[in-house]
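Engineer: model this:
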Amino acid sequence: MSDLSKIPVTIVTGFLGAGKTTLISHLIRQSGGRRLAVIVNEFGTLGVDGDILKGCAIPDCPAENIVELANGCICCTVADDFIPTVETLLALDPRPDHILIETSGLALPKPLLKAFDWPAIRSRITVDGVIALADAEAVAAGRFAPDLAALDAQRAADPSIDHETPLSEVFEDQLACADMVLLTKCDLAGADGIAAARAVIAAETPRALPVLELIDGVVDPRIVLGIGAAAEDDIAARPSHHDGEDEHEHDDFDSIVLDFGEITAPDDLAARIEALGGGGDVLRVKGYAAVAGKPMRLLVQAVGARVRTHYDRPWRSDEPRATRLVVIAERDRLDPAAIRAALQG
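Structural biologist: Numbering: from 1, shown residues only. From the prediction side, this is the model:
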């Protein structure tokens with residue numbers, strides 16, 4: 001690669017728990033000789049995804065090439081966070097061949113795409129492609145659709161009403177900005193669920209897009225890296241619910257971090273998280289648990305009522321054995337006291 005050539009960047013977007021970190025972990029392990037760098041943006045102050053990815057570090061993507069930006073949307077803090085981070089990665093020696101950006105699950109990708117026009121970086125990097133991940137099971141279940149019955153009743157009373165739910169707006173904006181859709185969790189959705197999810201995606205995308213089915217983030221890197229979309233030059237073809245606004249905000253969503261000590265029954269914690277997510281108020285729970293008598297850290301990942309846990313690595317000697325969970329919900333449904341009581345009993 002010539003020193004004068006632009007470094008390609010792939011933006012990986014998708015709703016909370018769609019499998020973005022799992023995909024990037026796979027791409028790191030199957031880099032095909034590419035020197036990779038990664039920017040991870042999380043919603044909330046507890047960094048989980050960046051820590052997972054650093055655990056996947058290899059010589060072509062060492063830990064210092066993986067940068068985490070937590071508690072804020074990088075497209076809302078372009079000058080303070082995003083541009084300096086990109087400049088730091090561009091200054092690495094050796095220079096990365098490709099940069100991956102994992103957005104927050106609540107991020108709108110179009111404002112980030114516009115940031116690539118900033119003079120400090122626009123001559124040095126290009127958006128190779130925007131990859132949107134969609135959870136097949138969640139899409140098929142209508143988790144991102146508005147309450148159509150309630151909306152129709154409102155419209156009947158007031159024909160001027162024409163709005164979506166916060167969830168559906170984020171989901172639709174992510175699809176509208178994409179160059180490719182990766183349909184994830186296909187093993188959980190089944191054939192009927194996959195067909196239903198494909199129909200929803202086809203109806204929501206403003207232009208025809210390739211849709212690939214994935215399980216556990218496994219995809220040939222040659223399919224998703226090297227698209228050559230130069231997406232920063234194609235912004236007009238990527239409509240958004242927030243077009244025309246000077247800025248966007250995430251006031252519809254909020255998060256809290258719960259800290260408590262060791263637990264004795266991981267199955268009980270999983271059951272409590274499942275019950276909490278099943279009520280519909282909580283969108284995502286993720287973090288770590290310290291289990292009494294276990295030298296390994298328990299990784300906790302939940303989307304709605306779907307909970308997965310596994311021991312991911314030994315506790316380090318320089319970190320406290322503690323349980324820390326970030327809980328993400330729509331702002332008007334986030335009750336910290338009730339959530340803490342539900343998870344701790």
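
Engineer: Looking at stretch 216-228 now, give me its mean pLDDT.
Structural biologist: Per-region confidence: stretch 216-228 scores 90 on mean pLDDT.

Engineer: Please give the centre-to-centre distance between it and its chain.
Structural biologist: In terms of Cα atoms, centre = their mean, to the nearest Å, the centre of stretch 216-228 is set 17 Å apart from its chain centre.

Engineer: So for that stretch, what gets flagged as buried?
Structural biologist: Buried residues in stretch 216-228, counted by 16 or more other Cβ atoms under 10 Å: 217, 219, 221, 224, 225, 227. Placement of C-beta: from N, CA and C, glycine included.

Engineer: Then stretch 287-301?
Structural biologist: 287, 288, 289, 290, 291, 294, 297, 298, 299, 300, 301.

Engineer: Need the distance between the two termini of it.
Structural biologist: 7 Å (Cα to Cα, to the nearest Å).

Engineer: quick check, distance from it to the centre of its chain.
Structural biologist: 23 Å.

Engineer: same check, this time on stretch 233-240
Structural biologist: With Cα atoms, centre = their mean, you get 21 Å for stretch 233-240.

Engineer: average model confidence for it?
Structural biologist: 87.

Engineer: got the contact list for it?
Structural biologist: Residues outside stretch 233-240 that contact it (Cβ atoms under 8 Å, 6 or more residues apart in numbering) are 108, 110, 113, 114, 130, 173, 176, 177, 206, 207, 231.

Engineer: Just the CA trace of it, in CSV.
Structural biologist: Extracted in CSV, the C-alpha atoms of stretch 233-240 (Å, rounded to 0.1, in the frame of the first residue of the first chain):
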residue,chain,number,x,y,z
ASP,A,233,-19.2,10.3,-1.3
ASP,A,234,-22.7,8.7,-1.4
ILE,A,235,-24.4,10.2,1.6
ALA,A,236,-27.4,11.5,-0.3
ALA,A,237,-28.4,8.0,-1.2
ARG,A,238,-28.6,7.1,2.5
PRO,A,239,-31.8,8.7,4.0
SER,A,240,-32.3,9.2,7.7
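
Engineer: Just give me the residue right at the centre of the chain.
Structural biologist: By Cα atoms, centre = their mean, the chain has its centre lying nearest to residue 105, at 3.5 Å.

Engineer: With adjacent residues omitted, what lies nearest to that one?
Structural biologist: In this structure, residue 105 finds its nearest non-sequential neighbour in residue 16, 3.4 Å apart by Cβ to Cβ, 6 or more residues apart in numbering.

Engineer: Then residue 222?
Structural biologist: Residue 222 sits nearest to residue 32 (Cβ to Cβ, 6+ apart), 7.4 Å away.

Engineer: Quick one: neighbours of residue 207, just the number.
Structural biologist: 10 (other Cβ atoms under 10 Å).

Engineer: From residue 180, how far off is it?
Structural biologist: Going from residue 207 to residue 180 by Cβ to Cβ, to the nearest Å gives 12 Å.

Engineer: and if you look at residue 291?
Structural biologist: 39 Å.

Engineer: if we can go back for a sec, tell me the one of the buried residues of stretch 216-228 nearest residue 278?
Structural biologist: Closest to residue 278 out of the buried residues of stretch 216-228 is residue 217 (25.4 Å), distances taken as Cβ to Cβ.

Engineer: helix/strand/coil for that closest one?
Structural biologist: coil (DSSP: H, G, I helix; E, B strand; the rest coil).

Engineer: Could you double-check that it lies in contact with residue 184?
Structural biologist: Yes. Contact criterion Cβ atoms under 8 Å: residue 217 and residue 184 qualify, at 7.2 Å.

Engineer: pLDDT below threshold where in the stretch 151-300 of the chain?
Structural biologist: 151-166, 242-252 (pLDDT under 70).

Engineer: got the residue ranges for the strands in it?
Structural biologist: In the stretch 151-300 of the chain, the strands defined using DSSP state E, counting those that start in this stretch lie at 180-184, 211-213, 253-260, 282-290, 296-303.

Engineer: now those strands as TSV including distance to residue 28?
Structural biologist: Listed next are these as TSV, based on distance: least, Cβ to Cβ, whole Å:
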stretch	distance to residue 28
strand 180-184	16
strand 211-213	19
strand 253-260	26
strand 282-290	19
strand 296-303	17
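
Engineer: closest to residue 320 out of these?
Structural biologist: strand 282-290 (8.3 Å).

Engineer: Tell me the helices and strands packed up against that closest one.
Structural biologist: strand 253-260, helix 266-278, strand 296-303, strand 323-330 (3 or more Cβ pairs under 8 Å, 6 or more residues apart in numbering; DSSP states H and E).

Engineer: So residue 37 versus residue 119, what's the distance?
Structural biologist: For residue 37, the distance to residue 119 - Cβ to Cβ - is 21 Å.

Engineer: For those two, indicate the residue with more neighbours.
Structural biologist: Per other Cβ under 10 Å, whichever of residue 37 and residue 119 has more neighbours is residue 37, with 25 against 7.

Engineer: Give me the pLDDT value at that one.
Structural biologist: Per the predicted model, pLDDT is 90 at residue 37.

Engineer: before we move on, what about residue 97?
Structural biologist: 93.

Engineer: wait, what's in contact with it?
Structural biologist: Contacts of residue 97 (Cβ under 8 Å, 6+ apart): 1, 7, 8, 34, 35, 36.
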